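Enquirer: I'll drop the sequence and a predicted model, then ask my questions.
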Amino acid sequence: MKLPKEKYGKRLTYSDYIYNFFATITGLTIFNIEFAKQAFLPPYEISEIKKHMVELGVKTFGIVSITGFIIGLVLTMQSQPVMLKFGAGDFLPGMVAISVVRELGPVITALIFAGRVSSGIGAEIGSMRVTEQIDAMEVTAVNPFKYLVVTRVIATTMILPILSVYVNVIAIFGGFIAVTISDGMNFRYYIDSVINSIEFGDLIPGIAKTFVFGYIVGLVGSYKGYTTEGGTEGVGRASTTSVVLSSLLILIFDMILVKISLWLWPTLG
Amino acid sequence: MVMADSRIVKIENLTKRFETFTVLENISIDVTHGENLIVFGRSGQGKSVLLKCIIGLMEPDAGSIFINDKNILKSSLKEINEIRKNIGFLFQSSALYDSMTVRENLAFPLKRHFTEMSSGQIDEKVRYTLELVSLEEAIDKMPSELSGGMKKRIGLARSIITDPELMLYDEPTTGLDPITSKEISELILNLQKKLKMTSIVVTHDLICAEIIADRAIFLKNAKIAYEGTIKALTDSNDPFLKNFFSHEIVKA
């Protein structure tokens, strides 16, 4: 696998930035193809995948819990006056649930996950690259792409949907706390309203896109780490650019996937 | 003339360029079974590049590299990996896996290549190899808890744990104090004798070379400029060699 080299330095010209943009796109595409080729070949490194899933889950559990709760709480607090003004207070639980399940839960979780995990993967693999640990793996006839990249990408792809569903639940609970404080709404009534307003078509696209977001986070972090050059400065750059690029790609793919889901489930519109 | 069957490494007309800069040009080297070859040269003269070409980490622009009569440049990745199982490589930085303990570092190649070994047998082999490098007590330490000399020893232990036939050393004593440097050199020689390995050692360290070497080559301007025993090289009247080795002796 030959990956294009990006240009670094203090005096980059506009043409260098344009070159780097296309080098990244090309590199990610090659990396993607290599992943598709190697993911289905043995050895499957199941124990490594499990280890990464647990590590990533534990690493992000706290922050996504707090974020999910606050999103649900704030969304409800912000929407409640408007809904009440139009006499639609009864629809508030449903509105919060649909907003969270369709869009806010998956996207916010993915962005936080990108910030926490993609940078970590970029820095970890990047430091392994600059300290020759990846070369050491290669000379012992172990495939470093398989061991380091494939396992992490599978782990991020599998763990993000689980985190996202968890964040949805926490955010809906946050919404309940907000309406209880202001209105004293009954928990049973709130949950019934939530369940009655969410349809199958709301749940599936929201969960499905988190698989894509998880894949993006793992792939971008691994790519930036794997192609690190320039010592510790390069490791820092890999970590930062992993977050920026994966967050950007998450938002771009969100736009595309929303369009696709509206095409597949026209009733969502 | 060297008999074909006694050569473990045969390099023919090897050329490696980085863009317009030629690092190695038409290099030919033979290394026989059980021999210790030292590769000298100033910084940036392609010594490490030569080792990386031999192990297949870098692809040369021209030439052939035979290891036990198999041309690695015409081999598939699968075939190269089979050849690599028989080669140990000690990196300049030791390249220990940061996230693993010493035990896990050593067990890593065994678990992957000797799948028939039980965890008890792997543990036994790890302990035996640590004993060879006199670091049994470091078994549960993380690489960050080790000194530079200890890292080299553990790196060496990881390289020899699969009982390779050929060992490649990239500056094994760089960054170490003279006493540790001498200890590591003696350890390399003892292991080579005990395990009957062939070694190619890239170094600047004359003491290390004097302890280990059967033969030495000197890379200069992308070519092998001098070849012979260490004594022949250090006793040479060539002004360049005199200058190089006098600096090494002063440093040592």
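Expert: Structure received. Residues are numbered from 1 along each chain as shown, chains lettered A, B, ... in the order given.
Enquirer: Let me know the helix or strand that the residue nearest to B:Ala225 when sequence neighbours are not counted is in.
Expert: Nearest in space to B:Ala225, with sequence neighbours left out and distances taken as Cβ to Cβ, 6 or more residues apart in numbering or on different chains, is B:Phe218 at 5.2 Å. Where C-beta positions appear, they are placed from N, C-alpha and C, glycine not excepted. Take DSSP states H and E as the rule and B:Phe218 turns out to sit in strand B:215-220.
Enquirer: That strand: what's the following helix or strand?
Expert: In N-to-C order, the element after strand B:215-220 by DSSP H and E is strand B:223-228.
Enquirer: hmm, back to that, rounded mean pLDDT for the strand holding B:Phe218, please.
Expert: What strand B:215-220 shows for mean pLDDT is 93.
Enquirer: That one to strand B:223-228, inter-axis angle?
Expert: 150 degrees (axes from the mean of the first three to the mean of the last three Cα atoms, to 10 degrees).
Enquirer: related to what we said a few turns ago, and for the residue nearest to B:Ala225, the neighbour number?
Expert: Using other Cβ atoms under 10 Å in any protein chain shown, B:Phe218 has 24 neighbouring residues.
Enquirer: picking up where we left off before, who's in contact with the strand holding B:Phe218?
Expert: B:24, B:27, B:29, B:35-42, B:45-47, B:50, B:209, B:224-230, B:233, B:240-241, B:244 (Cβ atoms under 8 Å, 6 or more residues apart in numbering or on different chains).
Enquirer: now do stretch A:95-105
Expert: With Cβ under 8 Å, 6+ apart as the criterion, stretch A:95-105 contacts A:68, A:71-72, A:75-76, A:79, A:83, A:164, A:167-168, A:171-172, A:175, A:193-194, A:197-198, A:202-203, A:205-206, A:254, A:258, A:268.
Enquirer: quick one, phi psi at A:Asn32?
Expert: phi -60, psi -50 (degrees, to the nearest 10).
Enquirer: Now do the contacts for it.
Expert: A:Leu219.
Enquirer: With B:Ile29 as the reference, measure out to it.
Expert: 40 Å (Cβ to Cβ, to the nearest Å).
Enquirer: Next one: B:Ile27 from chain A, what distance?
Expert: 20 Å (Cβ to the nearest Cβ, to the nearest Å).
Enquirer: and that residue, helix, strand or coil?
Expert: strand (DSSP: H, G, I helix; E, B strand; the rest coil).
Enquirer: Next one, pLDDT for it please.
Expert: 93.
Enquirer: For it, which non-adjacent residue is spatially closest?
Expert: Closest to B:Ile27 by Cβ to Cβ, 6+ apart is B:Leu14, at 4.4 Å.
Enquirer: how many neighbours does that neighbour have?
Expert: 23.
Enquirer: residue contacts, it?
Expert: B:Leu24, B:Asn26, B:Ile27, B:Ser28, B:Leu50, B:Cys53, B:Pro60, B:Ala62, B:Gly63, B:Ser64, B:Ile65.
Enquirer: for those residues, which one is nearest chain A?
Expert: B:Cys53 (12.3 Å; Cβ to the nearest Cβ).
Enquirer: Just the buried residues of the contacts of strand B:215-220.
Expert: Buried members of the contacts of strand B:215-220, counted by 16 or more other Cβ atoms under 10 Å in any protein chain shown: B:24, B:27, B:29, B:35-41, B:45-47, B:50, B:209, B:224-226, B:230, B:233, B:241, B:244.
Enquirer: In strands only, show me those.
Expert: B:Leu24, B:Ile27, B:Ile29, B:Asn36, B:Leu37, B:Ile38, B:Val39, B:Phe40, B:Gly41, B:Ile224, B:Ala225, B:Tyr226 (DSSP state E).
Enquirer: farthest pair in these?
Expert: B:Leu24 and B:Asn36 (21.1 Å; Cβ to Cβ).
Enquirer: so where do the helices sit in the chain?
Expert: No chain specified, so I'll use chain A. A:14-38, A:46-85, A:92-99, A:105-113, A:119-130, A:133-139, A:144, A:151-183, A:187-197, A:200-226, A:231-264 (DSSP state H).
Enquirer: try chain B instead
Expert: Using DSSP H, helices in chain B cover B:47-55, B:77-84, B:102-113, B:119-132, B:148-160, B:178-195, B:206-212, B:230-234, B:239-251.
Enquirer: Adding distance to chain A, write those out as JSON lines.
Expert: Listed next are the helices of chain B as JSON lines, based on distance: least, Cβ to the nearest Cβ, whole Å:
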{"stretch": "helix B:47-55", "distance to chain A": "5"}
{"stretch": "helix B:77-84", "distance to chain A": "4"}
{"stretch": "helix B:102-113", "distance to chain A": "4"}
{"stretch": "helix B:119-132", "distance to chain A": "13"}
{"stretch": "helix B:148-160", "distance to chain A": "8"}
{"stretch": "helix B:178-195", "distance to chain A": "17"}
{"stretch": "helix B:206-212", "distance to chain A": "20"}
{"stretch": "helix B:230-234", "distance to chain A": "27"}
{"stretch": "helix B:239-251", "distance to chain A": "25"}
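Enquirer: Output those as CSV; include the columns mean pLDDT.
Expert: Converted to CSV, the helices of chain B look like this (pLDDT from 0 to 100):
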stretch, mean pLDDT
helix B:47-55, 94
helix B:77-84, 90
helix B:102-113, 93
helix B:119-132, 94
helix B:148-160, 92
helix B:178-195, 87
helix B:206-212, 89
helix B:230-234, 87
helix B:239-251, 71
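Enquirer: and of these, who's closest to A:Gly122?
Expert: helix B:102-113 (22.8 Å).
Enquirer: what about A:Leu264, neighbour count?
Expert: 12.
Enquirer: That one - nearest residue in space that isn't next to it in sequence?
Expert: Closest to A:Leu264 by Cβ to Cβ, 6+ apart is A:Pro205, at 7.6 Å.
Enquirer: who are the neighbours in contact with that neighbour?
Expert: Here A:Pro205 is in contact with A:Arg102, A:Leu257, A:Val258, A:Ser261, A:Leu264, A:Trp265, A:Leu268 (Cβ under 8 Å, 6+ apart).
Enquirer: mind redoing it with 7 Å?
Expert: A:Leu257, A:Ser261, A:Trp265 (Cβ atoms under 7 Å, 6 or more residues apart in numbering or on different chains).
Enquirer: Kindly write the ChimeraX command that selects the buried subset of the residues you listed.
Expert: Listed next is the ChimeraX selection for buried residues among the contacts of A:Pro205, using 16+ other Cβ under 10 Å:
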select /A:257,261
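Enquirer: what about B:Leu189, distance to A:Phe61?
Expert: Relative to A:Phe61, and taking Cβ to Cβ, B:Leu189 is found at 53 Å.
Enquirer: Between these two, point out the one with more neighbours.
Expert: Neighbour comparison, B:Leu189 and A:Phe61: the larger count goes to B:Leu189, with 16 against 12 (by other Cβ under 10 Å).
Enquirer: contacting residues around that one?
Expert: B:Ile211, B:Ile212.
Enquirer: in stretch B:180-197, what counts as buried?
Expert: B:Thr180, B:Ser181, B:Lys182, B:Glu183, B:Ile184, B:Ser185, B:Leu187, B:Ile188, B:Leu189, B:Leu191, B:Gln192, B:Met197.
Enquirer: Skip the chain neighbours and tell me the closest residue to B:Thr22.
Expert: B:Ala222 (5.0 Å).
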